[in-house]
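In: Here is my input, please return the structure:
(2 chains)
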Amino acid sequence: KQEVTQIPAALSVPEGENLVLNCSFTDSAIYNLQWFRQDPGKGLTSLLLIQSSQREQTSGRLNASLDKSSGRSTLYIAASQPGDSATYLCAVQTGTLTFGKGTMLLVSP
Amino acid sequence: NAGVTQTPKFRILKIGQSMTLQCTQDMNHNYMYWYRQDPGMGLKLIYYSVGAGITDKGEVPNGYNVSRSTTEDFPLRLELAAPSQTSVYFCASRLGTSGGQNTQYFGPGTRLTVL
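Out: Residues are numbered from 1 along each chain as shown, chains lettered A, B, ... in the order given. Here you go, the predicted model:
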């Protein structure tokens, strides 16, 4: 059974810092890995999707990497802003999506 | 496009009552999903559908039923509500299985409390 773990569970940083969120998964036979953002009381918004054949994807200040063989992904956020405060969820697709529990990020002004 | 819409936003049920959570998408997506999210936990898949007339169980299907008579709608039925079904329910959809078509789009959620 696929298991997805996200570290840290919570992170607090001052505005302007670069930061890394980590995601690991137990079964490397995945189709893709997706990163989502969830604001309090809201649904999930897709940030990045990395195909199993890809090593990384970039969108603006976000960069996600994938090392399928080691079962790891990182989400790098450059020059963090208070508006980045949210919970970030990692999910891997092997047929259906399996989600981690998320990292709650707080960026203070 | 409205994307994925869910109704109601909030609901309180008494133990033993039944209700249907509505989900509609206007993106002509083939795949639709129902998840539940409990505090401090990731999302758990309840049921999913790969197209109209086809549904399948996810990780936590007990106490729920679904139907998919049209491409747009994927209602989730709770029979005999129990306190363990107190949760936030999310509906999601995706277009297909190729590349970016795998991106899932989520509705805003339904917050259900069973007392």
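In: Distance of the most centrally placed residue in chain B relative to B:Phe74?
Out: Chain B has B:Trp34 as the residue nearest its centroid, 2.7 Å off, counting by CA atoms, centre = their mean. To B:Phe74, B:Trp34 is 7 Å away according to CB to CB, to the nearest Å. Every C-beta, even on glycine, is put in place using the N, C-alpha and C of the backbone.
In: what is in contact with these two at once?
Out: Counting by CB atoms under 8 Å, 6 or more residues apart in numbering or on different chains, the contacts common to B:Trp34 and B:Phe74 are B:Cys23, B:Val66, B:Cys91.
In: Count the neighbours of the nearest residue to A:Ser108 once chain neighbours are set aside for me.
Out: Sequence neighbours aside, A:Pro14 is the residue nearest to A:Ser108 in space, at 5.6 Å (criterion: CB to CB, 6 or more residues apart in numbering or on different chains). Using other CB atoms under 10 Å in any protein chain shown, A:Pro14 has 10 neighbouring residues.
In: Quickly name whichever of the shared contacts of B:Trp34 and B:Phe74 is closest to A:Met104.
Out: A:Met104 has its nearest neighbour among the shared contacts of B:Trp34 and B:Phe74 in B:Cys91, at 23.3 Å by CB to CB.
In: What about A:Leu49, how many residues nearby?
Out: Residues lying near A:Leu49 (other CB under 10 Å) number 23.
In: Could you pick out the residues of chain A near chain B for me?
Out: A:4, A:31-32, A:34, A:36, A:41-46, A:49, A:51, A:89, A:91, A:93, A:96-102 (CB under 8 Å from any CB of the partner chain).
In: hmm, 7 Å instead?
Out: Residues of chain A found near chain B (CB under 7 Å from any CB of the partner chain) are A:31-32, A:42-44, A:46, A:49, A:51, A:89, A:93, A:96-97, A:99-102.
In: are any of the residues you listed buried, and which?
Out: Among the residues of chain A next to chain B, the ones that count as buried by 16 or more other CB atoms under 10 Å in any protein chain shown are A:32, A:43-44, A:46, A:49, A:51, A:89, A:93, A:96-97, A:99-102.
In: Not counting stretch B:29-37 itself, show me its contacts.
Out: B:23, B:25, B:43-51, B:60, B:66, B:68, B:74, B:76, B:87-96 (CB atoms under 7 Å, 6 or more residues apart in numbering or on different chains).
In: Show me how far that stretch is from its chain's centre.
Out: Centre-to-centre, stretch B:29-37 and its host chain are 5 Å apart (CA atoms, centre = their mean, to the nearest Å).
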